[in-house]
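Enquirer: sequence? don't have it. structure:
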């Protein structure tokens, strides 16, 4: 078929312009006679690709020189271990907010290395709302405060950045990085698996305030030690070069689109359209409290679960792919990251309307 | 330029046919309307790609069902930690053989988790020869015996598989996997960074005898726990899907070439040609004892180091790229993995002969 609208939560749709450029450069990057994936990571050519990607990311996200930017491997899941191993330091406990499945995974892994205080939980609301920060039981003695700004599976998203005082704030930004402006200076550490808003899987970006480097526990695997990775410009070993290159192409594409402010306008519009349609329908529903609804991952249910199969089959036939919800939530989920064009959301809404009319 | 002969030690040259297929499938894999890098790792399409790659690797390398095959992230360097963390178990020490820079890196990391006995070292020979196994000081009580079958930097290669009795044999096969037949049943664990003979960087293949699973120390990061990765078919988290796909294309290409036996004949011929030329020349030299010369990485020096720059410049102009030796060794290095055509070695020899005649 022609290019589909792919609503997968990750690995996710990439900008067509990026894929076309990668395609044209696949056998010969700028007259070098090599694919980027064949280049030494220490070659002048690849170092230029890598440095340009970092520079563009710093510019897009507004990252100051107080922060190191690391291009690591192993996904956000490896960071669930790296964070306590690197940041607990002399402290014995860390604060975590539980807003869903990804929070829980981060919490479970951190518990293997220290005490975890779950300072707030969305569980009482059925993960449909986030407790007001006034009710959180944070500790000034915590090594850090960890939260998940957007839960990819539940579609629950913070509409505020928590205040953490002098405690470093740590955020899993895998599904929202670069989707809108963010004040990076409020954070101690941001991490983001690439496969949603940045590029292909196999790459995780870590943005860490430099004063937090150098505290790794002695049992930390060297490849997980932020200080080592920072000291070696993310080339302590061979990095995921091709993923890094593609991330760089995505950063260039984002700059061409007008940067994160332009993406915020687009993403806000896309999400509003879809939520407005769902709310105006008797056939579709989304359970999340309005102010905490995700811009990126929009779960919805049909009035009759027995129609799920027919809905997905009809969607597939129109090139609206991967709308099946996560098995733990059921129903449907539309992931509409930066690379999902507004036309994709429009096509989805049109199909949803027709399906409801015919089968509702 | 047209496609170059790229002698880089890794990331290294890939088969042109593989790159062309990846290029043609970049925007639309088999009519799905998606690039492989946009596919959910849990989709039927990607699971088929992943399973086919594993099946082909098992067939090519002769891997029995007694072994799990893992597609992990983080390169061989992450395995330097994973191996002691997973295999030390109740034991307190492991045996390591030191044959060069990569052995030393593995040893340094293992020392952080237990006692390391360096049971043999090539250091006395200036890393030009490997001590006979009769002189090794192995221990029957070691958790495992680790060695580096081929040292990518030094160009020193084992021409035998060590006998380890009941002690599991562990090998860093990054630079030689699939370059010739190997009796996998002699090994407890084989690991190989992809970026030499398998595919792009960001992927490391681990072949582990199943009875060695389940012994990870409690501080092992979950993403480094072989049991967890095996139980989840290497999809505990989002794997490096695009690298896995490309590895699969390389495995298919290897099968079309006639498998590892055909590669062994080709690689043996390529290496012999280059060593014969070096040995027959007064201008070039390789320091390694004949029986331990690498088939994959052939370092050589010019009679006058002052000519190194001119040699590299002339090579570049002919599309013979990345011949500069590692900074720790100096001189030149030709890495001639599976994907380097014999014509590349012929072109290199022709250039070397002309350069020696003109400048020697």
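Expert: Great, that's in hand. Computed from a predicted structure; not experimentally measured. Numbers count the residues shown, from 1 in each chain, chains lettered A, B, ... in the order given.
Enquirer: ok, the closest residue to residue A:6 other than its chain neighbours - how many residues close by?
Expert: Nearest residue to residue A:6, sequence neighbours excluded (CB to CB, 6 or more residues apart in numbering or on different chains): residue A:13, at 4.3 Å. In this view, the C-beta of every residue, glycine as well, is placed from N, C-alpha and C. Neighbourhood size, residue A:13 [other CB atoms under 10 Å in any protein chain shown]: 27.
Enquirer: next: residue A:356.
Expert: Residue A:356 - counted by other CB under 10 Å - has 18 other residues nearby.
Enquirer: list the contacts of it.
Expert: A:281, A:282, A:283, A:284 (CB atoms under 8 Å, 6 or more residues apart in numbering or on different chains).
Enquirer: so which of these belong to helices?
Expert: Judged by DSSP state H, these include no members of helices.
Enquirer: max pairwise distance over the residues you listed: which two?
Expert: With CB to CB as the measure, no two of the contacts of residue A:356 lie farther apart than A:282 and A:284, at 8.2 Å.
Enquirer: how about low-confidence regions in chain A?
Expert: Within chain A, the segments meeting pLDDT under 70 span A:1.
Enquirer: which stretches in the stretch 101-250 of chain A count as helices?
Expert: A:101-110, A:226-231, A:241-257 (DSSP state H, counting those that start in this stretch).
Enquirer: what comes into contact with the shortest one?
Expert: What that stands for is helix A:226-231. Residues contacting helix A:226-231 (CB under 8 Å, 6+ apart): A:68, A:70, A:72, A:82, A:86, A:206, A:208, A:210, A:212-214, A:216, A:222-223, A:236.
Enquirer: what's the closest of those residues to residue A:313?
Expert: residue A:72 (39.5 Å).
Enquirer: so for that closest one, what's the nearest residue that isn't a sequence neighbour?
Expert: Closest to residue A:72 by CB to CB, 6+ apart is residue A:204, at 5.1 Å.
Enquirer: isn't that neighbour up against residue A:80?
Expert: No - assessed by CB atoms under 8 Å, residue A:204 is found out of contact with residue A:80, at 10.8 Å.
Enquirer: what's the distance between residue A:51 and residue A:74?
Expert: Residue A:51 sits 22 Å away from residue A:74, taking CB to CB, to the nearest Å as the criterion.
Enquirer: and these two? which has more neighbours close in?
Expert: residue A:74 (27 against 12).
Enquirer: thought that one was touching residue B:74?
Expert: Yes - contact criterion CB under 8 Å: residue A:74 and residue B:74 qualify, at 5.3 Å.
Enquirer: tell me the one of the contacts of helix A:226-231 nearest chain B?
Expert: For the contacts of helix A:226-231, the closest approach to chain B (CB to the nearest CB) belongs to residue A:223, at 4.5 Å.
Enquirer: contact partners of stretch A:71-78?
Expert: A:50, A:53-54, A:79, A:102, A:105, A:109, A:172, A:174, A:191-193, A:195, A:201-206, A:223-224, A:229, A:234, A:239-240, A:244, A:247, B:73-75, B:78, B:202, B:221-223, B:236-238, B:240.
Enquirer: circling back: now the residue nearest to residue A:72: how far from residue A:79?
Expert: 6 Å.
Enquirer: same deal with residue A:58?
Expert: 20 Å.
Enquirer: what's the domain layout of chain A?
Expert: A:17-256, A:258-359 (automatic domain parsing).
Enquirer: burial-wise, tell me which of those comes out on top.
Expert: domain A:17-256 (a mean of 21; mean count of other CB atoms under 10 Å in any protein chain shown).
Enquirer: please list the residues of the stretch 201-350 of chain A that sit near chain B.
Expert: A:201-203, A:218-219, A:221-224, A:236-243, A:246, A:319, A:321-322 (CB under 8 Å from any CB of the partner chain).
Enquirer: quick check: neighbours shared by residue A:204 and residue A:79?
Expert: With CB under 8 Å, 6+ apart, residue A:204 and residue A:79 have common neighbours A:72, A:191.
Enquirer: surely residue A:69 forms part of a strand?
Expert: Yes - Residue A:69 forms part of a strand when assessed by DSSP: H, G, I helix; E, B strand; the rest coil.
Enquirer: distance check, it against chain B.
Expert: Separation of residue A:69 from chain B (CB to the nearest CB, to the nearest Å): 18 Å.
Enquirer: what's across from that residue in the sheet?
Expert: residue A:207 (DSSP bridges).
Enquirer: residue contacts, it?
Expert: Taking CB under 8 Å, 6+ apart, one finds A:54, A:57, A:58, A:63, A:205, A:206, A:207 in contact with residue A:69.
Enquirer: identify the residues contacting the third one.
Expert: Taking CB under 8 Å, 6+ apart as the contact definition, residue A:58 lies against residue A:69.
Enquirer: re earlier: what residues do residue A:282 and residue A:284 have in common as contacts?
Expert: With CB under 8 Å, 6+ apart as the test, residue A:282 and residue A:284 both reach A:303, A:356.
Enquirer: thinking again about what came up before, in strands, which of the contacts of helix A:226-231 fall?
Expert: A:68, A:70, A:72, A:206, A:208 (DSSP state E).
Enquirer: ok, the second one touching residue A:206?
Expert: Yep, that's residue A:70 we're talking about. Yes - in this structure, residue A:70 is within contact of residue A:206 by CB under 8 Å, at 4.1 Å.
Enquirer: helices and strands around the helix or strand containing residue A:265, which ones?
Expert: Using DSSP states H and E, residue A:265 sits within helix A:259-279. Other helices and strands packing on helix A:259-279, by 3 or more CB pairs under 8 Å, 6 or more residues apart in numbering or on different chains; DSSP states H and E, are helix A:44-61, helix A:241-257, strand A:284-285, strand A:297-302, helix A:342-359.
Enquirer: among these, which comes closest to residue B:158?
Expert: helix A:241-257 (28.6 Å).
Enquirer: tell me the helices and strands packed up against that closest one.
Expert: Against helix A:241-257 (3+ CB pairs under 8 Å, 6+ apart) you get helix A:16-24, helix A:44-61, helix A:259-279, helix B:241-257.
Enquirer: for the third one, the distance to its chain's centre please.
Expert: Yep, that's helix A:259-279 we're talking about. Mean-position distance between helix A:259-279 and its chain equals 17 Å (CA atoms, centre = their mean, to the nearest Å).
Enquirer: what's the angle from that helix to strand A:297-302?
Expert: Calculated by axes from the mean of the first three to the mean of the last three CA atoms, to 10 degrees, helix A:259-279 forms an angle of 10 degrees with strand A:297-302.
Enquirer: now tabulate the helices of the stretch 101-250 of chain A in CSV and tack on distance to residue A:276.
Expert: CSV is the format used below for these (distance: least, CB to CB, whole Å):
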stretch, distance to residue A:276
helix A:101-110, 27
helix A:226-231, 42
helix A:241-257, 24
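Enquirer: tell me which two in the contacts of residue A:69 are the farthest apart.
Expert: So for the contacts of residue A:69, where distance means CB to CB, the most widely separated pair is A:58 and A:206, at 13.4 Å.
Enquirer: ok, residue A:205 to residue A:189 distance?
Expert: 11 Å.
Enquirer: can you check residue A:313 too?
Expert: 43 Å.
Enquirer: and residue A:320, by the same measure?
Expert: Counting by CB to CB - residue A:320 and residue A:189 are separated by 36 Å.
Enquirer: got it, and residue A:37?
Expert: 29 Å.
Enquirer: likewise residue A:68?
Expert: The value you get for residue A:68 to residue A:189, if CB to CB is used, is 10 Å.
Enquirer: need the overlap of contacts for those two.
Expert: With CB under 8 Å, 6+ apart as the test, residue A:68 and residue A:189 both reach A:206, A:207, A:208.
Enquirer: wait, what's in contact with the closest residue to the last one other than its chain neighbours?
Expert: The one in question is residue A:208. Excluding its sequence neighbours, the residue lying closest to residue A:208 (CB to CB, 6+ apart) is residue A:189, at 4.7 Å. Contact analysis of residue A:189 by CB under 8 Å, 6+ apart lists A:83, A:87, A:144, A:168, A:169, A:170, A:171, A:206, A:207, A:208, A:209, A:212.
Enquirer: residue contacts, the fourth one?
Expert: Taking CB under 8 Å, 6+ apart, we find residue A:168 in contact with A:87, A:143, A:144, A:145, A:187, A:188, A:189, A:209, A:212.
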